[in-house]
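Quick one, fold the following:
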Amino acid sequence: MSSLTPDQPSKSGAMTPGAIATQFSKLDLPAPTNLKLSLPNSAKSPTTSSAPNSAVGSAQPTSALSPLSAGTDDTGDLSGPEPEAIIVARHKARSESMSEQISERLAQMKLPQPERIFGPDEGESPAAKETNQGEGRQGVNPDEWEKLKLGDDYQVPEAVKEPVRMTHSRHTSRADSAIPKEPTIRETAEPSASTSTGAPVAKEQVITPFDVEAGVDENGKPLAIDYEKLTKRFGATLIDQALLDRFERVTGHKPHPLLRRGTFYSHRDLHFILDRYEKGQPFYLYTGRGPSTGSMHMGHLIPFMFTAWLQKVFNVPLVIQITDDEKYLLQRDVKKQAEIMKKIKAKKPLELLRYYKAMGQDNIKDIVACGFIPEKTFIFSDLNHVSGTFYENVTLIAKCITQSQSRNTFGFTDSDNVGTLHFAAIQAAPSFSNSFPQIFGARDDVPALIPCAIDQDPYFLLCRDAADRLQYRKPALIHAKFLPALQGAGTKMSASKENTAIFVSDDAKKIAKKIKSNAFSGGGATQEEHKKNGGNPDVDIAYQYLSFFEDDDAKMESLAKGYRAGTLSTSEMKQACIEKIQEIVEEFQKNRAAVTDETLAYYQDSTRKIDPRPKAKAEAAATA
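Prediction:
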């Protein structure tokens with residue numbers, strides 16, 4: 001395209017359309033008269049009389065202020081009182097009709113035409129001489145002419161390709177008109193698992209705080225989640241044997257099965273937390289729960305079981321955030337939201353918000369049943385608690401996070417509500433100790449250790465960046481893998497899919513049925529084949545579940561050895577898993593039944609003082 005600006009003439013002296021438009025705007029032209037535009041006969045002005053000839057668009061104007069009525073010399077100047085005809089024209093059909101009539105009248109007017117630009121070989125043509133009125137202007141020189149040519153990649157504007165009918169309304173929202181037709185940053189469409197011909201296509205894994213999807217290989221086979229790749233992408237550090245050895249040496253406790261078997265497998269600054277523990281310096285634990293179902297499943301239970309163990313080992317305060325606000329904000333599927341509202345018989349969005357709030361209170365009962373130290377634990381609902389110094393931190397953090405950061409981190413687009421972008425600040429606020437004056441007073445230098453699933457790490461990437469800018473202590477993190485769904489690796493349990501998960505409310509019979517019927521087996525296709533070739537415990541779901549919940553290392557080794565040798569059958573492996581899960585759920589249900597409304601109120605009392613001082617190492621070891 002030409003490098004000339006719209007108002008610059010070409011080297012030949014020919015004026016561009018932009019220059020013509022500029023000159024045209026400077027002309028003192030008389031206002032158009034006798035346009036004789038008419039309005040649809042079906043439209044009635046609210047100010048007309050009831051006489052037959054008083055309809056809008058009749059030969060007699062109904063008001064001296066109606067510039068569009070026939071037989072008037074009014075110029076249509078809108079600087080004075082608003083014409084009655086324009087008021088009537090706010091209605092869509094009538095304004096469209098008027099626009100078309102104006103366009104038609106303008107097309108019939110003899111307006112000056114833009115000067116034609118001639119090519120290098122056309123300057124001396126009769127048409128050029130006639131158009132240039134004998135002024136001797138030459139055609140555009142060859143170099144400029146090449147610049148003016150449209151390239152093959154030139155895109156005709158959408159408004160030119162598909163012109164739309166004009167509409168007029170003085171009440172059109174400026175915000176609505178400013179919103180682009182498509183998101184500024186488009187969502188990247190995930191490749192399909194198969195082509196239109198049915199051939200499978202490889203697909204990368206997708207792990208975000210809202211979606212967890214494993215990759216697919218070139219044969220269409222689901223792959224296990226690549227946690228090492230995920231850790232490198234997020235910039236975390238794998239937990240190695242040296243760190244586990246130091247943990248045991250510093251705390252005097254053998255690492256939890258979830259830690260030593262690699263369920264909690266990566267971290268950020270865990271070694272600094274161990275430094276503080278060695279020196280007797282304070283720190284605290286922070287974790288959370290977004291309510292999505294009335295009953296948690298075993299996958300939800302894992303971080304709370306591990307956090308309860310950490311609290312007993314370190315004997316430090318713990319804060320647990322219930323993000324009941326997040327669950328309402330992040331329900332982006334309008335159809336699904338309507339289904340939920342219909343199910344709970346909600347007539348207003350407020351009732352849906354309170355539904356999530358009530359669900360969160362049910363989940364707190366589940367959380368309490370995991371066995372935390374009551375006098376050192378504070379559990380809070382965002383909808384109940386966000387205020388005071390906590391909200392001060394939310395505000396400080398919110399100013400540190402740009403829209404671009406939020407979009408790039410979470411994949412948000414212009415179609416997502418502003419609450420989703422803002423929520424990162426709310427989830428980050430518990431990471432800073434002065435958010436909890438009943439525990440730490442005004443101190444902002446006490447770091448948090450956050451056990452969480454790896455998909456939540458993006459929130460704390462932004463949080464740690466904000467900590468630098470706010471001169472707060474960065475939180476440390478320890479990341480967990482997902483408890484896979486019963487159907488196999490590459491998935492995680494889903495509260496919305498009954499047969500993928502074992503819920504803590506399931507009875508013993510249902511647990512057995514789910515594992516027997518749905519748990520993916522790593523064994524042979526037949527008993528004979530299994531005895532001959534053995535099975536693979538690394539992909540067997542029953543064995544995987546046992547690795548999460550069975551403390552006995554010798555038992556786990558024996559099960560794996562027998563399974564690989566083919567001497568332990570798939571049904572026997574599943575039975576071992578059933579017995580362990582039933583044992584855990586039975587104990588959990590017993591603890592939950594003991595949780596009263598008074599217990600809930602105690603844990604959520606924001607005025608209750610909590611002692612942040614860590615106990616001596618020997619004393620902590622005795623109570624763990």
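
List the contacts of the closest residue to residue 294 other than its chain neighbours.
For residue 294, ignoring the flanking residues on the chain, the nearest one in space by CB to CB, 6 or more residues apart in numbering is residue 362 at 5.1 Å. From N, CA and C alone the C-beta is placed, and that goes for glycine too. When contacts are counted by CB atoms under 8 Å, 6 or more residues apart in numbering, residue 362 touches 291, 294, 295.

What helix or strand is the last one located in?
When elements are defined using DSSP states H and E, residue 295 is found to belong to no helix and no strand.

how close does the nearest residue to it once chain neighbours are set aside get to residue 421?
Distances taken as CB to CB, 6+ apart put residue 505 closest to residue 295, at 3.9 Å, once the chain neighbours are dropped. In this structure, residue 505 lies at 34 Å from residue 421, with CB to CB, to the nearest Å as the measure.

Then residue 448?
In terms of CB to CB, residue 448 sits 23 Å off from residue 421.

And for residue 555?
Following CB to CB, the distance that separates residue 555 from residue 421 is 48 Å.

Who has more neighbours out of these two?
Counting neighbours by other CB atoms under 10 Å for residue 555 and for residue 421 shows that residue 421 has the greater number, 19 against 13.

Double-check that that one belongs to a strand.
No - secondary structure assignment places residue 421 outside any strand; it is helix (DSSP: H, G, I helix; E, B strand; the rest coil).

Could you tell me which residues make contact with the residue nearest to it when sequence neighbours are not counted?
Here the nearest residue to residue 421 in space, its sequence neighbours aside, is residue 406; by CB to CB, 6+ apart that works out to 4.5 Å. Residues touching residue 406, when contacts are defined by CB under 8 Å, 6+ apart, comprise 412, 421, 424, 462.

Spell out which residues make up each domain of this structure.
Following the assignment in the TED database, the chain carries domains at 211-490, 508-601.

Of those, flag the one that's most buried.
Taking mean count of other CB atoms under 10 Å as the contact definition, the stretch among the domains of the chain with the greatest mean neighbour count is domain 211-490, which reaches a mean of 18.

Next one, pLDDT for residue 454 please.
Per-residue confidence for residue 454 comes out at a pLDDT of 86.

That one against residue 481, yeah?
Yes - using CB atoms under 8 Å as the test, residue 454 is close enough to residue 481 to be in contact (6.8 Å).

average pLDDT for stretch 500-520?
The model assigns stretch 500-520 a mean pLDDT of 92.

ok so, going back, quick one: pLDDT of the residue nearest to residue 294?
Per-residue confidence at residue 362 stands at 91 (pLDDT).

That one - that's part of a strand, no?
No - with the criterion set as three-state DSSP, the secondary structure at residue 362 is helix rather than a strand.

now it: how far from residue 368?
Distance of residue 362 to residue 368, given as CB to CB: 11 Å.

how about residue 606, phi and psi?
In this entry, residue 606 is assigned phi and psi values of phi -80, psi -10 (degrees, to the nearest 10).

show me what contacts it?
For residue 606, the set of contacting residues under the criterion of CB under 8 Å, 6+ apart consists of 378, 380, 385, 438.

Give me the sheet partners of the helix or strand encompassing the second one and which way each runs.
Taking DSSP H and E as the criterion, residue 380 maps to strand 377-381. Using DSSP bridges, the strands paired with strand 377-381 are strand 318-322 (parallel).

Any chance of the backbone angles for residue 289?
Here the main-chain torsion angles of residue 289 (degrees, to the nearest 10) amount to phi -150, psi 130.

I appreciate the help and will end here.
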